[in-house]
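Colleague: Based on what follows, work out the 3D shape:
(chains A, B, C and D)
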Protein chains: 2
Amino acid sequence: MSRAEAIAQITPIFRRYGYEGATLSRLSQATGLGKASLYHYFPKGKEEMAAAVLEHTHQVFSEMVLKPLRTPAKPWERLEGMVQSLSQFYQQGEVSCLLAIFSAGAADDLFHPQVQRAVQDWIQALSEVLMAAGLSSEVADQNAQDAIIQIQGALVLVRLLNDRAPFERVLRGLPDRLLDPGG
Amino acid sequence: MSRAEAIAQITPIFRRYGYEGATLSRLSQATGLGKASLYHYFPKGKEEMAAAVLEHTHQVFSEMVLKPLRTPAKPWERLEGMVQSLSQFYQQGEVSCLLAIFSAGAADDLFHPQVQRAVQDWIQALSEVLMAAGLSSEVADQNAQDAIIQIQGALVLVRLLNDRAPFERVLRGLPDRLLDPGG
DNA sequence: GTCTATACACCGATAGAC
DNA sequence: GTCTATCGGTGTATAGAC
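Modeller: Take a look at the predicted model:
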């Protein structure tokens, strides 16, 4: 067992149960390690586990989702690339967004700066694609925000209805909607 | 102190901290009652408190938000009425949606049926307005879902960025967007 | 009705054997 | 590295005085 493996195994627990609901018992069960053994990889305890999960998820997200936005391809193709990666990253809507989960309750007090920076990075990367497509910086920023709104909203609705269809439908329409200067 | 007052005082705790984060200590502090006194109003304990909060919030929501949708006014005016009420209900985006909060973690196991029904009611009421405006039932259903998506997504983005502007912007554009058959 | 006192389980965390 | 054992604190819930 490596630290990287441990992070991979505890990540779903934080995503599903949130910071407070991710108890050491559940984290221990998810890894197959005893509670005490988790402290070998995360000496500062649960807060360090959550920080590691957030950091690692951000790295995976940047590599999978943001990287396609920064290629030299045409704007529409870059957006298509992001949509494909997003579907994978959120497992067709099956899993919650860690940022959204950590934006409430006790986790918000601990991690708000990191969470906010991650979202701003995403908006920034999207906005640059839209400006490359000819949109004004104001409209680009607004449409980039709308993308996050629709993705996050779709993930919430999926959980509310227990039906992944809204997520896939939103992703499918996303590129065209974002490139529309009329919002 | 009445049961109704107690519900009003503990509701913000559940909204802000979620089911697991809403500890009896916090609920006790919010009401000014001792922990044991809460059991006078909610004999079955925390689960009954959460159920009462969910039930009461649903009643307020139906009266404030859904009722304007069911008036005999013009569709556009009914949507405007909902938007006004929504802004109030979510305090301009300041507070989270209880349904979204209860759709994750342990609360989902306890309350999923109630939560799902509440969302379906909302979609249904919206869809009927849109059909009255001449949209086909398929487009009306889809646009109604999009309304929930945008409202929930905006509430998430508000928390992520610590900025209420996205919520107010989404609400402002909602009626026109919903009545657009091109969705 | 509200309180103090308390029961008992689980929480996060640590010590130390192996 | 992983374990068992255990700590102090807090969680939900109950008993019973007033």
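Colleague: For the residue of chain A at minimum distance from chain B, grab the count of nearby residues.
Modeller: For chain A and chain B, the shortest gap (Cβ to the nearest Cβ) falls at A:G153, measuring 2.7 Å. Just so you know, the C-beta spots here come from the backbone N, C-alpha and C atoms, and that holds for glycine as well. Counted with other Cβ atoms under 10 Å in any protein chain shown, residues neighbouring A:G153 total 28.
Colleague: Equivalent analysis for A:L86, please.
Modeller: 21.
Colleague: Mind telling me what element A:R78 is part of?
Modeller: Assessed by DSSP states H and E, A:R78 sits inside helix A:75-89.
Colleague: Please see if the helix or strand just after that helix touches chain B.
Modeller: Per DSSP H and E, the first helix or strand lying C-terminal to helix A:75-89 is helix A:98-101. Yes: Helix A:98-101 comes into contact with chain B (Cβ under 8 Å from any Cβ of the partner chain), by way of A:99-101.
Colleague: Excluding chain neighbours, what is closest to the residue most central in space within chain A?
Modeller: Per Cα atoms, centre = their mean, the C-alpha nearest to the average position across chain A is that of A:C97, at 4.7 Å. Spatial nearest neighbour of A:C97, chain neighbours left out: A:L155 (5.7 Å); criterion: Cβ to Cβ, 6 or more residues apart in numbering or on different chains.
Colleague: what's downstream of the strand or helix carrying that neighbour, the next helix or strand?
Modeller: Secondary structure from DSSP H and E places A:L155 in helix A:137-161. Using DSSP H and E, the helix or strand that follows helix A:137-161 in sequence is helix A:165-179.
Colleague: Indicate whether that next one makes contact with chain B.
Modeller: Yes: using Cβ under 8 Å from any Cβ, helix A:165-179 reaches chain B at A:166, A:169-170.
Colleague: Model confidence for whichever residue of chain A sits closest to DNA strand C, exactly?
Modeller: Proximity of chain A to DNA strand C (Cβ to the nearest atom of the strand) peaks at A:G45, 2.3 Å away. If you check A:G45, the pLDDT there is 98.
Colleague: Up against chain B, what does chain A have?
Modeller: A:16-18, A:20-21, A:96-97, A:99-101, A:103-106, A:108, A:112, A:115-116, A:119-120, A:142, A:145, A:148-154, A:156-157, A:159-162, A:166, A:169-170, A:183.
Colleague: change it to 6 Å
Modeller: A:17-18, A:20-21, A:100, A:103, A:105, A:119, A:145, A:148-150, A:152-154, A:156-157, A:159-160, A:166 (Cβ under 6 Å from any Cβ of the partner chain).
Colleague: how close does the closest residue to A:T31 other than its chain neighbours sit to A:L54?
Modeller: Nearest residue to A:T31, sequence neighbours excluded (Cβ to Cβ, 6+ apart): A:Q9, at 4.7 Å. For A:Q9, the distance to A:L54 (Cβ to Cβ, to the nearest Å) stands at 15 Å.
Colleague: Off-centre distance for the helix or strand where A:V60 lies?
Modeller: Here A:V60 sits within helix A:46-61, counting by DSSP H and E. Relative to its chain's centre, helix A:46-61 lies at 11 Å (Cα atoms, centre = their mean, to the nearest Å).
Colleague: can you tell me if that helix touches DNA strand D.
Modeller: No: Helix A:46-61 stays clear of DNA strand D (Cβ under 7 Å from any atom of the strand), getting no nearer than 11.9 Å.
Colleague: close enough to count as contact, A:S28 and A:A36?
Modeller: No: A:S28 lies out of contact with A:A36 (Cβ atoms under 6 Å); the separation is 8.8 Å.
Colleague: okay, the two: which has more neighbours?
Modeller: A:S28 (17 against 9).
Colleague: In contact with A:L160, which residues?
Modeller: Neighbouring residues of A:L160 by Cβ atoms under 6 Å, 6 or more residues apart in numbering or on different chains: B:103, B:119.
Colleague: neighbouring contacts of stretch A:1-10?
Modeller: With Cβ under 6 Å, 6+ apart as the criterion, stretch A:1-10 contacts A:27, A:30-31, A:41, A:49, A:52-53, A:56.
Colleague: Flag every buried residue along that stretch.
Modeller: Going by neighbour count (16 or more other Cβ atoms under 10 Å in any protein chain shown), the buried part of stretch A:1-10 is A:6-7, A:9-10.
Colleague: Can you report how many residues neighbour A:Q152?
Modeller: Using other Cβ under 10 Å: A:Q152 sits among 28 other residues.
Colleague: low pLDDT regions in chain A?
Modeller: A:183 (pLDDT under 70).
Colleague: So which residues on it come close to DNA strand C?
Modeller: A:22-26, A:35-36, A:39, A:43-47.
Colleague: switch the cut-off to 6 Å
Modeller: Residues of chain A lying near DNA strand C by Cβ under 6 Å from any atom of the strand: A:23-25, A:35-36, A:39, A:45-47.
Colleague: which of these tops the neighbour count?
Modeller: Neighbour max across the residues of chain A next to DNA strand C (other Cβ under 10 Å) = A:K46, 18 neighbours.
Colleague: how close does the residue lying closest to that one once chain neighbours are set aside get to DNA strand D?
Modeller: Among residues not flanking A:K46 along the chain, A:L24 sits closest, at 6.6 Å (Cβ to Cβ, 6+ apart). According to Cβ to the nearest atom of the strand, to the nearest Å, A:L24 and DNA strand D sit 10 Å apart.
Colleague: Done for today, thanks.
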